[in-house]
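K.L.:
show me how the following folds:
(one chain, ligands or ions: 2)
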Amino acid sequence: MADYFVGHKEYFAGIGKIKYEGAKSDNPLAFKYYDAERLVGNKKMKDHLRFAIAYWHSFCADGTDPFGAATHPHPWVTDSKSAAEAAEHKLDAAFEFFTKMGAEFYCFHDRDVVAEGATPAESEKNLQAWTAKAKERQKATGVKLLWGTANLFSNPRFMNGGATNPEFKVLALGASQVKAAIDATIELNGQGYTFWGGREGYMSLLNTDLKREKEHLARFLTLARDYARKQGFKGAFYIEPKPCEPTKHQYDYDTETVIGFLRYYGLDKDFRLNIEANHAELAGHDFAHELETAAAAGMLGSVDANRGDYINGWDTDQFPSSYYEAALAMFAILKAGGFTTGGLNFDSKIRRNSVDPADLFEAHIGGMDTFAVGLVIAQRMLDDGKIPAFVKKRYASFDSGDGAKFEKGEFDLPALAGLVKEYGNIGLTSGKQEYLENLLNSYLLGL
Ligand code: XUL
Ligand code: CO
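P.N.:
Residues are numbered from 1 along each chain as shown. Ligands and ions are numbered 1, 2, ... in the order given. Below you'll find the model as predicted:
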């Protein structure tokens, strides 16, 4: 991977390419566990994990929150004389960061990368100009686009949603933005295209025709799919579930809800899930639950890697730091066969009071190390095999005899009910949860 900043202004001067130094290193700007080339199972760490950096959090978010102004304004914005100049400088800063981190992928929203124009046509032109420049940087560095998306939630026009807006003109405006973002994604050879319906939901049922809005959403997604396929897009479409925030209720509430929706509207062949850890928590689920649910439907696509704070229940988008959760997540991902088009996108932001230039690096180093540890533990769980064997044995009564006949649909209800006459006392079989939890802890410590 080439060093991008050569020949450009270096925005993160004084910080070089982040290297793997091993667990004993006390260099905060080195990987302790993420060793890109290390083989885990049959693949290199980097090919398992497919790390992506989120343009919005890393190069747009500046510490602003509802209570106060920016705490870490970005030089690529403050040193620029125009919006166009800022967009180009931001692109330089982004590719410098991607290459210094050794991340192979990035993700963006249309509105992260370049300012919105005065008209939809001008916005599209701005995005096309940025796309040409991003394409050059991708070629120069080898960094790839994991997925693109359109922001149908920041502009006040989308206060009532995009695809589910009660006003048709706003829906059409959203479509023009999605079309342009799909074009940019295809041009950049993106491996996926994501829909996160931030405002596709409602604030009050008193002013909402829920049935109609959901139908509009399905039609909107269908049109986007059909257009992208017609343009030759071979990648995956992702829906990113989230239960609420900013709306009171979002239609893509959680993975199970999205699977039902996609199947009902015949979108399940093209769409998969992009699971975000913090969104899972908001929906009252574990991160691993959402991953396993998507995998069970054959629809696990990609991951937005972050975490919330168990105490407050907001979408705090903190960098992942729990080995335990990362191990369970990677276990679910490995069992599902690993990523194909997807990857681990750090939809995570540094805290408002993280104002040192090194903080953005240390945050990503921690996140990447966390998932590297999670991967090694998950592989250990698979290789040792006790947990998968336990689960298999737990369902062994369905592998042969009447259990197998039941799975094949060979009984009607009276025939099934009639079987119990011969059973006598069935007895109790332990679920062995505590044993399994102890086993998991032993893998975590590597004993
Ligand atoms: C918001 C969120 C988004 C999506 C992309 O909670 O996760 O950043 O990932 O629109
Ligand atoms: Co996200």
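K.L.:
quick one: pLDDT of whichever residue of the stretch 51-200 of the chain sits closest to ligand 1?
P.N.:
Relative to ligand 1, the nearest point of the stretch 51-200 of the chain is residue 196 (3.4 Å; CB to the nearest ligand atom). Using the backbone N, CA and C atoms, a C-beta is placed for each residue, glycine as well. pLDDT for residue 196: 98.
K.L.:
my read is that it contacts residue 237, right?
P.N.:
No: the pair residue 196 and residue 237 does not pass the contact test of CB atoms under 8 Å, sitting 12.0 Å apart.
K.L.:
hang on, the earlier thing: could you measure the residue lying closest to the residue of the stretch 51-200 of the chain closest to ligand 1 once chain neighbours are set aside against ligand 1, distance?
P.N.:
Sequence neighbours aside, residue 240 is the residue nearest to residue 196 in space, at 4.1 Å (criterion: CB to CB, 6 or more residues apart in numbering). Noted for residue 240: a distance of 5 Å to ligand 1, by CB to the nearest ligand atom, to the nearest Å.
K.L.:
ditto for residue 222
P.N.:
Here residue 222 is placed at a distance of 20 Å from ligand 1 (CB to the nearest ligand atom).
K.L.:
quick one on the thing from earlier: and the residue of the stretch 51-200 of the chain closest to ligand 1, how many neighbours?
P.N.:
23 (other CB atoms under 10 Å).
K.L.:
what's near enough to touch it?
P.N.:
Counting by CB atoms under 8 Å, 6 or more residues apart in numbering, residue 196 touches 149, 239, 240, 242, 252, 274.
K.L.:
just the buried residues of the residues you listed.
P.N.:
When the contacts of residue 196 are checked for burial by 16 or more other CB atoms under 10 Å, the buried set is 149, 239, 240, 242, 252, 274.
K.L.:
now, those residues that are in helices?
P.N.:
Among the buried ones among the contacts of residue 196, none falls in helices (DSSP state H).
K.L.:
as CSV, those residues with pLDDT would be great.
P.N.:
Formatted as CSV, the buried ones among the contacts of residue 196 follow (pLDDT from 0 to 100):
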residue, pLDDT
149, 98
239, 98
240, 98
242, 98
252, 98
274, 99
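K.L.:
which single one of those residues is nearest to ligand 2?
P.N.:
Of all the buried ones among the contacts of residue 196, ligand 2 sits closest to residue 240, with 5.4 Å by CB to the ion.
K.L.:
flag the shaky bits of this protein, pLDDT-wise.
P.N.:
Residue ranges of the chain with pLDDT under 70: 1-7, 447.
K.L.:
which residues touch the residue in the stretch 151-300 of the chain positioned nearest to ligand 2?
P.N.:
Here the residue of the stretch 151-300 of the chain nearest ligand 2 is residue 276; by CB to the ion that distance is 4.3 Å. Shown in contact with residue 276 (CB under 8 Å, 6+ apart): 240, 241, 242, 303, 304, 306, 347.
K.L.:
repeat the analysis, applying 6 Å as the threshold.
P.N.:
Applying CB atoms under 6 Å, 6 or more residues apart in numbering to residue 276 gives the contacts 240, 304, 347.
K.L.:
repeat that for residue 349.
P.N.:
57, 61, 317.
K.L.:
are we agreed that it is in a helix?
P.N.:
No: counting by DSSP: H, G, I helix; E, B strand; the rest coil, residue 349 is located in no helix; its state is coil.
K.L.:
need phi/psi at residue 302.
P.N.:
phi -150, psi 180 (degrees, to the nearest 10).
K.L.:
what's the answer for residue 271, then?
P.N.:
phi -100, psi 140.
K.L.:
is the spatially closest residue to it that is not a sequence neighbour bridged to anything, and to what?
P.N.:
Closest residue to residue 271 apart from its sequence neighbours, by CB to CB, 6+ apart: residue 237 at 4.6 Å. For residue 237, the beta-bridge partners are residue 193, residue 271 (DSSP bridges).
K.L.:
next, the residue most central in space within the chain: phi, psi?
P.N.:
Closest residue to the average C-alpha location of the chain: residue 304 at 2.3 Å, with CA atoms, centre = their mean. Backbone torsions for residue 304, taken as degrees, to the nearest 10, come to phi -100, psi 110.
K.L.:
what do you get for residue 207?
P.N.:
Taking degrees, to the nearest 10 as the convention, residue 207 sits at phi -120, psi 20.
K.L.:
what does residue 373 give?
P.N.:
phi -60, psi -50.
K.L.:
residues contacting it?
P.N.:
Here residue 373 is in contact with 33, 323 (CB under 6 Å, 6+ apart).
K.L.:
for the stretch 251-400 of the chain, what lies in contact range of ligand 1?
P.N.:
Contact residues (CB under 6 Å from any ligand atom) of the stretch 251-400 of the chain with ligand 1: 276, 304, 315, 347.
K.L.:
then the stretch 101-250 of the chain?
P.N.:
Looking at ligand 1, the residues of the stretch 101-250 of the chain close enough under CB under 6 Å from any ligand atom are 109, 149, 194, 196, 240, 242.
K.L.:
and the first one, how close does it get to ligand 2?
P.N.:
To tie it back to what came earlier, the one meant is residue 109. According to CB to the ion, to the nearest Å, residue 109 and ligand 2 sit 10 Å apart.
K.L.:
I'd assumed residue 149 was in contact with that residue.
P.N.:
Yes: checked against CB atoms under 6 Å, the pair residue 109 and residue 149 is within contact range at 5.2 Å.
K.L.:
tell me who's in contact with the residue nearest to the centre of the chain.
P.N.:
Under the criterion of CB under 6 Å, 6+ apart, the neighbours of residue 304 are 276, 345, 347.
K.L.:
swap the cut-off to 8 Å and go again
P.N.:
Going by CB under 8 Å, 6+ apart, the list of residues near residue 304 reads 54, 240, 274, 275, 276, 277, 278, 279, 345, 347.
K.L.:
ok, now residue 268?
P.N.:
259, 262, 297, 299.
K.L.:
next, count neighbours for the residue nearest to the third one when sequence neighbours are not counted.
P.N.:
Spelled out, it's residue 297. Excluding the flanking residues, the one nearest residue 297 by CB to CB, 6+ apart is residue 259, at 4.9 Å. Around residue 259 there are 22 other residues, counting by other CB under 10 Å.
K.L.:
same check on residue 103?
P.N.:
Counted with other CB under 10 Å, residue 103 comes out at 27.
K.L.:
now do it against ligand 2, distance only.
P.N.:
Counting by CB to the ion, the gap from residue 103 to ligand 2 is 16 Å.
K.L.:
again, but for residue 389
P.N.:
Counting by CB to the ion - residue 389 and ligand 2 are separated by 35 Å.
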